[in-house]
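S.K.: test case, fold it:
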Amino acid sequence: MEKPSERITTYLPDNSLRQGYRSLLRDIVVELVSSRWLIYQLFKRDIASFYKQSVLGVFWIFVVPLVTVGTFALLRGSGVVTAGQVSTPYPIFAVLGIAVWQLFAQGIVAGANALVGGGEMISRINFSKKSLVIAAMGRTLVSFAVLAGLLVVLFAVYSARGFHVGFHAGLFLAPLALVPLMLLTLGASFYLALLNGVIRDVGTMLSMLVTFLMLLTPVLYERPKLGPNAPEMAVLLDRITAYNPLYYLVEAPRDLVLTGRIADPRGFFIASAASVLLFFFALVGFHVAETRIAERI
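M.R.: Residues are numbered from 1 along each chain as shown. Next up, the predicted model:
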């Protein structure tokens with residue numbers, strides 16, 4: 001009696017690179033498409049596990065941003081800090097900035113810890129490890145959607161008080177302006193997830209770094225307009241802001257919602273192009289290193 005034929009797969013180191021970059025990119029696209037069900041299941045698992053044993057549940061999405069905005073508003077009202085000349089009601093300006101910033105902040109922290117958190121699954125099952133990082137980004141989209149609902153409420157409250165934001169094309173373009181920020185977050189997450197698998201301190205340090213970056217990036221305050229006699233530290237901060245891609249990627253969606261146009265389209269275009277390149281090289285690099293992840297986690 002003949003034995004049934006068996007399919008034998010031979011894994012070679014960096015075999016994908018030997019096939020050429022066109023074949024490599026095709027493999028990545030095919031793998032992502034075939035993994036869409038797995039990504040959705042991992043996304044549902046993350047959401048369920050994150051809020052399952054929480055007393056406040058989804059309300060935690062509101063708590064941290066509102067405490068942050070409330071603290072900054074209190075300091076601004078007391079004159080301790082200044083948010084610049086904000087033409088929009090400050091709660092709307094700040095919550096809108098926080099909502100966009102959270103896409104980056106939560107996404108990069110969750111993505112960087114995705115492989116470590118799925119270590120047991122990685123050691124037992126052969127699957128696309130990209131799914132873990134992409135699914136982690138999905139949870140941040142839920143948080144953003146909830147904060148967007150809060151923004152609608154704030155707009156309604158201030159509209160009753162006489163503040164109006166007219167319906168314009170910018171409201172529909174704002175979601176598209178979020179894409180470069182999401183690509184930047186995913187690209188950085190792919191790199192940091194690999195690094196965190198080798199050096200576990202990365203995940204701990206990242207939370208502190210994200211908080212520091214938020215203070216450097218005009219999320220809760222306007223970028224100050226400097227005069228000729230501006231202090232040296234103010235000039236230094238303005239120079240850092242000018243080279244900070246996160247400033248343009250956060251400010252552009254907020255500008256589109258509030259004014260219907262991007263205040264600095266050139267800076268946004270450069271930051272967007274850099275985000276696309278980072279995502280592309282990070283995705284390729286992660287794909288090449290993927291076969292060695294199990295032995296490192």
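
S.K.: what is the helix or strand hosting residue 120 packed up against?
M.R.: Using DSSP states H and E, residue 120 sits within helix 119-124. Based on contacts counted as 3 or more Cβ pairs under 8 Å, 6 or more residues apart in numbering; DSSP states H and E, the elements that helix 119-124 packs against are helix 293-296. The way it works is simple: take the backbone N, C-alpha and C, and place the C-beta from them, glycine included.

S.K.: recalculate using a threshold of 10 Å.
M.R.: helix 114-117, helix 130-160, helix 293-296 (3 or more Cβ pairs under 10 Å, 6 or more residues apart in numbering; DSSP states H and E).

S.K.: so for that helix, mean pLDDT?
M.R.: For helix 119-124, mean pLDDT is 77.

S.K.: stretch 242-258 now?
M.R.: Rounded mean pLDDT across stretch 242-258 is 93.

S.K.: now do stretch 209-225
M.R.: On average, stretch 209-225 scores 85.

S.K.: can I get that stretch as CSV, trimmed to CA atoms?
M.R.: Output of stretch 209-225 as CSV, limited to C-alpha atoms (Å, rounded to 0.1, in the frame of the first residue of the first chain):
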residue,chain,number,x,y,z
LEU,A,209,9.4,58.6,26.3
VAL,A,210,5.8,59.0,24.9
THR,A,211,4.9,61.3,27.8
PHE,A,212,8.0,63.4,27.2
LEU,A,213,7.2,63.6,23.5
MET,A,214,3.7,64.8,24.3
LEU,A,215,5.1,67.7,26.3
LEU,A,216,7.5,68.6,23.5
THR,A,217,4.8,68.4,20.8
PRO,A,218,2.1,71.1,20.6
VAL,A,219,-0.8,68.8,21.5
LEU,A,220,-2.3,70.8,24.4
TYR,A,221,-1.0,74.1,23.4
GLU,A,222,-0.5,76.2,20.3
ARG,A,223,2.9,76.5,18.7
PRO,A,224,4.1,79.9,20.0
LYS,A,225,4.8,82.8,17.6
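
S.K.: flag every buried residue along it.
M.R.: 210, 213-214, 217-224 (16 or more other Cβ atoms under 10 Å).

S.K.: what does the host helix or strand of residue 41 contact?
M.R.: For residue 41, the host element (DSSP H and E) is helix 36-52. Helix 36-52 is contacted by residues 32, 35, 57-61, 110, 114, 117-118, 121, 125, 127-128, 130-139, 141-142 when judged by Cβ atoms under 10 Å, 6 or more residues apart in numbering.
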